[in-house]
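> What follows is a predicted structure for the sequence shown.
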There are 2 protein chains.
Amino acid sequence: MNIDKINFNEKFSKFNDYWSPRIIAELNDYQFKVVKIKDEFVWHSHRNTDEAFIVLDGEMWIKFIDKEIHLSKGEMLVVPKGIEHKPHAIQECQVLIVEPKGVVNTGDNNGELTKTNEEWI
Amino acid sequence: MNIDKINFNEKFSKFNDYWSPRIIAELNDYQFKVVKIKDEFVWHSHRNTDEAFIVLDGEMWIKFIDKEIHLSKGEMLVVPKGIEHKPHAIQECQVLIVEPKGVVNTGDNNGELTKTNEEWI
């Protein structure tokens, strides 16, 4: 049984590209992913699952159809399933995502930012 | 649809007792709970689920049968299901727990530290 801790800063030091989540841990059939974000993502929703964003460093915004929410380090938000949202950040922001295995980052809106490979780091 | 952010410090400011997790968010059938810990918890395991510990402030240790792991702010660990473990902390440590709904904090080892009520904060 391989049980070991995960250090977020150590994981973030291993990559620099934006909007490309890396898997760092699994919890039953859920995954924890770290992602660096900057600039605008695409509008999308996840039909079958909620999605949790936890800001580990920096600040980001999530646009919804009717409002926009600002998230800073030490804050989290759960986007309910089926809800259109569009994350963005002005400066680099480091985020922890929690969601079921197999979720595609762009949900129902495939495009150039879509990441289908599941990359562990 | 009530979508709003959660600020961890604001949640931790609302209670002071140790080893008493408060629910702050749900993600499908999973929950995020904040808990303040200090001193020794009890040996226990969760037969049916993994359990994630994310240290938000301070430091803690998790004892396993064959080793002990130290966790500081910015680190996480997933305890696999069925694995005996015993969390402890010397000074107050603030932790985010992720696990399925309905998990009892002391797992298979009911006692005075057992919390069966699901308290939102």
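That came through, no problem.
> in chain A, which ranges drop under the pLDDT threshold?
Judged against pLDDT under 70, the low-scoring parts of chain A cover residues A:1.
> residues from it in reach of chain B?
Chain A comes close to chain B at residues A:1, A:3-9, A:25-28, A:30, A:32, A:49-52, A:54, A:56, A:64, A:67, A:69-71, A:74-81, A:83, A:96, A:98-100, as judged by C-beta under 8 Å from any C-beta of the partner chain. C-betas here are computed from N, CA, C, even on glycine.
> Give me the subset of those residues lying in helices.
Among these, the members falling in helices (DSSP state H) are A:8-9.
> How about the contacts made by the residue nearest to A:L113 when sequence neighbours are not counted?
Distances taken as C-beta to C-beta, 6 or more residues apart in numbering or on different chains place A:W19 nearest to A:L113, at 5.3 Å, with adjacent residues excluded. Shown here is A:W19, whose contacts under the criterion C-beta atoms under 8 Å, 6 or more residues apart in numbering or on different chains are A:35-37, A:41, A:105, A:113, A:115.
> Of the residues of chain A next to chain B, grab the buried ones for PyMOL.
To isolate the buried subset of these in PyMOL, counting by 16 or more other C-beta atoms under 10 Å in any protein chain shown, use the following:
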select buried, chain A and resi 5+6+8+25+27+28+30+32+49+50+51+52+54+56+69+71+74+75+76+77+78+79+80+83+96+98+99+100
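> Output stretch A:20-39 in PDB with nothing but the alpha carbons.
Output in PDB follows, covering the C-alpha atoms of stretch A:20-39 (Å, rounded to 0.1, in the frame of the first residue of the first chain):
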ATOM      1  CA  SER A  20      -4.200  21.800 -18.600                       C
ATOM      2  CA  PRO A  21      -5.200  19.900 -15.400                       C
ATOM      3  CA  ARG A  22      -2.800  17.300 -14.000                       C
ATOM      4  CA  ILE A  23      -4.100  14.500 -11.800                       C
ATOM      5  CA  ILE A  24      -2.400  14.400  -8.400                       C
ATOM      6  CA  ALA A  25      -4.600  12.000  -6.300                       C
ATOM      7  CA  GLU A  26      -7.700   9.700  -6.400                       C
ATOM      8  CA  LEU A  27     -10.400   9.400  -3.800                       C
ATOM      9  CA  ASN A  28     -12.600   6.400  -4.700                       C
ATOM     10  CA  ASP A  29     -13.800   7.300  -8.200                       C
ATOM     11  CA  TYR A  30     -13.000  11.000  -7.800                       C
ATOM     12  CA  GLN A  31      -9.800  12.800  -8.700                       C
ATOM     13  CA  PHE A  32      -7.900  15.800  -7.500                       C
ATOM     14  CA  LYS A  33      -6.300  17.800 -10.200                       C
ATOM     15  CA  VAL A  34      -4.000  20.900 -10.100                       C
ATOM     16  CA  VAL A  35      -4.200  23.400 -12.900                       C
ATOM     17  CA  LYS A  36      -2.600  26.800 -13.700                       C
ATOM     18  CA  ILE A  37      -5.000  29.200 -15.300                       C
ATOM     19  CA  LYS A  38      -4.600  32.600 -17.000                       C
ATOM     20  CA  ASP A  39      -6.700  34.600 -19.400                       C
END
